[in-house]
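[1] need a 3D model of the sequence below.
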Amino acid sequence: MSKDVFPQSTPELAATRKKLAPDIHDAFTAFSKRVFADGALPAKVKQLIAVGVAHVTQCPYCIRGHTRAALRHGATAEEIMEAVWVAAEMRAGGAYAHSALALDTIAESQGGHGGS
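    Reported below is the predicted structural model:
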């Protein structure tokens, strides 16, 4: 019995996705290649952004894939870890910012007026 929470991504799985929706698969692949190509931002920076975003979305496949891609594009372990810390701050920052909703609801329930 596998201890993996998520099934491993395999060539067979990729082939099945492509077989079931070939046009969409090809469009997504082309879009992805263009997004991560050098442009105003170099590919390494784009991959570091993707590492951070992958940690916010908590996609294990994206974390592994974009970490590998960042390394291939010359990112250091330190740069990758800083991208992860940026993601952690942004995720925590979102909770902090959205606490205004809870505080507003508390104020409303106590007969006061909210902060909006």
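
[2] go ahead and flag the most central residue of the chain.
    residue 54 (2.2 Å; CA atoms, centre = their mean).

[3] what's that one in contact with, if anything?
    With contact taken as CB atoms under 8 Å, 6 or more residues apart in numbering, residue 54 is in contact with 62, 63, 65, 66, 87. C-betas here are computed from N, CA, C, even on glycine.

[4] out of these, which is nearest to residue 35?
    residue 66 (11.6 Å; CB to CB).

[5] now the helices for the protein?
    With DSSP state H, the ranges of helices along the chain come out as 11-20, 22-35, 43-57, 60-72, 77-109.

[6] so which of the ones you listed is nearest residue 5?
    Residue 5 lies closest, by CB to CB, to one member of the helices of the chain: helix 60-72, at 7.7 Å.

[7] so which elements touch the closest one?
    Secondary-structure packing of helix 60-72 (3 or more CB pairs under 8 Å, 6 or more residues apart in numbering; DSSP states H and E): helix 43-57, helix 77-109.

[8] low-confidence ranges, this protein, go.
    Residues of the chain meeting the criterion pLDDT under 70: 1-3, 113-116.

[9] try it again with 90
    1-9, 111-116 (pLDDT under 90).
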